[in-house]
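*Asks:* I would like the atomic coordinates for the input below:
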Amino acid sequence: MMIDRVGLAEFLRRRRELLQPEDVGFPRGERRRTNGLRREEAASLCHMSTDYYARLERQRGPHPSEQMIASIAQGLHLSLDERDHLFRLAGHHPPARGAVSEHISPGLLRVLDRLDDTPAEIVTELGETLRQTPLGVALTGDTTGYTGPARSLGYRWFTDPAARRLYAPEEHPFLSRMFVSGLRGILTLRGPGSQAAHLADLLHGQSEEFRTLWNDHEIGIRPAEVKRFTHPEVGDLELHCQILHDPSQSHTLLVYTAVPGSESYEKLQLLSVLWPVGAR
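*Replies:* Below is the predicted model of the structure:
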C-alpha cells in the first residue's frame, strides 16, 4: 500500500481542529485563537515531537511506521473506523479489532481524561494497563511500561513477588484464585491459540501455586467491590472500585474512590498532594 500524503495531511488537520482542549484534559485559556487543538498539543497527545507532527500535516517527513500511526490514532481520540482509515492513508494495513486490539475507544478516553483527581486506569481483559490517570500512577505505580507477558498483572502476580506488596496480605489467597479463575474464563472464550492460552502455558511452567489452583477448575470468581491496598507512603487504603466496560474492545475502565470523610479518603487527598495532577 502507498502512502497518501495529501489525504493523510488533510485528515490529521481536520481531526486536530475538531478536538477541543477540554475533550482531552487541556485548559482552554483566554487567548486561544486556534480552532481545536494546537499542533504542539496534538503532538504531545501522540507522544511525538511537534516538528514531526507538523511535517505530516505539511505533506512532508518520513513514512510513519505502524507504531507511530497507532500512537497518532490514540492521541487524536479516533474511532476504530477513523483509525483504520488513518492506517490506510499512511500506507499500512489496519490492525485487528476486538480482544487483541489496544486502541482505546474515544468515549472511554473522554471519561478517563476527566478523572485527573481520581485514581483510574484502562486495562485489557488480561489485566494489561493501557492508560492511567496521574493519581492512578501515584496509587499503583506506572504499570504501562511492562513488556511481554509481564504486562499482565495476573502473570506478574505469580512470577514477581513485588506485584503483591501493594495488596493487603490477607487478600492474597483470594486474589490468586481470582486471577486463575479469570484467566481460565478468558482462555475458554478465546481458544487454545490465544494470548490467554500462552500465559497459562507460561505460568504452568513457572509457578507451583498457579498449577495447584488451576487444577481446582474454579470459574467465575469476581473481584470484590472494595479493594484493600497497602501503599508505601500513605499506608492502608480501602477503595471502592467502579467498573465501566467497553465490550467492543474488551477494555475496562477501573475507577477507585473512597467513602467521603473516611480515613482512606483523607489518605487519597494526601496522595494527590504528594503526586500533583501535573505530574506525569
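*Asks:* The helix or strand that contains H198: which residues count as buried?
*Replies:* H198 is part of helix 195-206, with elements assigned from DSSP states H and E. Using 16 or more other CB atoms under 10 Å as the test for burial, helix 195-206 gives 195-197, 199-200, 202-203. Heads up, the C-betas are built off the backbone N, CA and C, glycines and all.
*Asks:* quick one: average pLDDT of that helix?
*Replies:* What helix 195-206 shows for mean pLDDT is 96.
*Asks:* Neighbours of D84, how many?
*Replies:* As a burial measure, D84 scores 18 neighbours (other CB atoms under 10 Å).
*Asks:* show me the contacts for it.
*Replies:* P94 (CB atoms under 8 Å, 6 or more residues apart in numbering).
*Asks:* Quick one, grab the pLDDT at it.
*Replies:* On the pLDDT scale, D84 gets 93.
*Asks:* quick one on the thing from earlier: for the buried residues of helix 195-206, work out which two are farthest apart.
*Replies:* Farthest apart among the buried residues of helix 195-206 by CB to CB are Q195 and L203. That separation is 12.5 Å.
*Asks:* if we can go back for a sec, now the helix holding H198, how far from the chain's geometric center?
*Replies:* In terms of CA atoms, centre = their mean, to the nearest Å, the centre of helix 195-206 is found 22 Å from the chain centre.
*Asks:* same deal with stretch 213-222?
*Replies:* Distance, centroid of stretch 213-222 to centroid of chain: 26 Å (CA atoms, centre = their mean).
*Asks:* List of residues touching it?
*Replies:* Outside stretch 213-222, the residues that touch it by CB under 8 Å, 6+ apart are 174, 176-178, 180-182, 184-185, 200, 203-204.
*Asks:* Now do L199 against G145, distance only.
*Replies:* 19 Å (CB to CB, to the nearest Å).
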